[in-house]
Structure formats: C-alpha cells, structure tokens
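J.: Here is a sequence with its predicted model. Questions after.
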Amino acid sequence: MVLGGRNVNNLTNLPTSPITKQVAIYLIRWYTGLTNGEIGKIFKMKAQAVSKAGIKIERLMKENRKIRSQVNKLISIFEG
C-alpha cells in the first residue's frame with residue numbers, strides 16, 4: 001500500500017512512541033478511507049486496537065492543549 005508516496009505496508013520497523021503511533025493512526029483514519037482492519041495490517045495491530053488508539057488520541061487532544069496544537073500543525077501540513 002502506498003500512502004503519501006511511501007510504501008506503508010509495514011510501519012513497525014520505524015521508531016515510534018505510543019503517542020506518535022496513535023497520532024499516525026488518527027491521521028490515517030481521518031484522511032483515508034481505510035478501515036480499522038486495513039490500518040491494523042499496516043501497524044500489525046488488531047482492528048480493535050486501532051479503534052482504541054484513535055479514541056485515546058482524540059481524548060488526549062481534548063485534554064492536552066500541547067498535543068492538540070501539535071496534531072493541528074500536522075493537519076495543516078496535510079491540508080496544505
């Protein structure tokens with residue numbers, strides 16, 4: 001699978017923190033038509049874990065202004 005010009009069939013080899021992974025999942029869910037199962041294949045996770053990660057980062061964004069600001073900066077890059 002190609003996303004943003006990069007092969008993203010397996011992102012598990014990239015160094016990430018849990019929040020980084022949650023943000024990536026959130027953005028992929030928001031900006032693509034991929035299902036939780038399809039996203040799970042990219043990250044080698046079950047669909048339920050993808051759903052929980054998305055929900056968790058949404059909650060963190062509501063509670064933490066710094067995280068919300070950083071995610072919004074990433075979103076502005078995607079939206080150009």
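T.: Cool, got the structure.

J.: What are the phi and psi values at residue 22?
T.: phi -60, psi -40 (degrees, to the nearest 10).

J.: again, but for residue 44
T.: The phi/psi pair for residue 44 (degrees, to the nearest 10) is phi 60, psi 50.

J.: how about low-confidence regions in this structure?
T.: 1-16 (pLDDT under 70).

J.: Okay, helices next: where are they in it?
T.: Under the criterion DSSP state H, the chain contains helices at 18-31, 36-43, 47-63, 65-79.

J.: Mean neighbour count added to those, as JSON lines?
T.: (C-beta placed from N, C-alpha, C; glycine too.) Putting those into JSON lines (neighbours: other CB atoms under 10 Å) gives the following:
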{"stretch": "helix 18-31", "mean neighbour count": "18"}
{"stretch": "helix 36-43", "mean neighbour count": "18"}
{"stretch": "helix 47-63", "mean neighbour count": "16"}
{"stretch": "helix 65-79", "mean neighbour count": "12"}
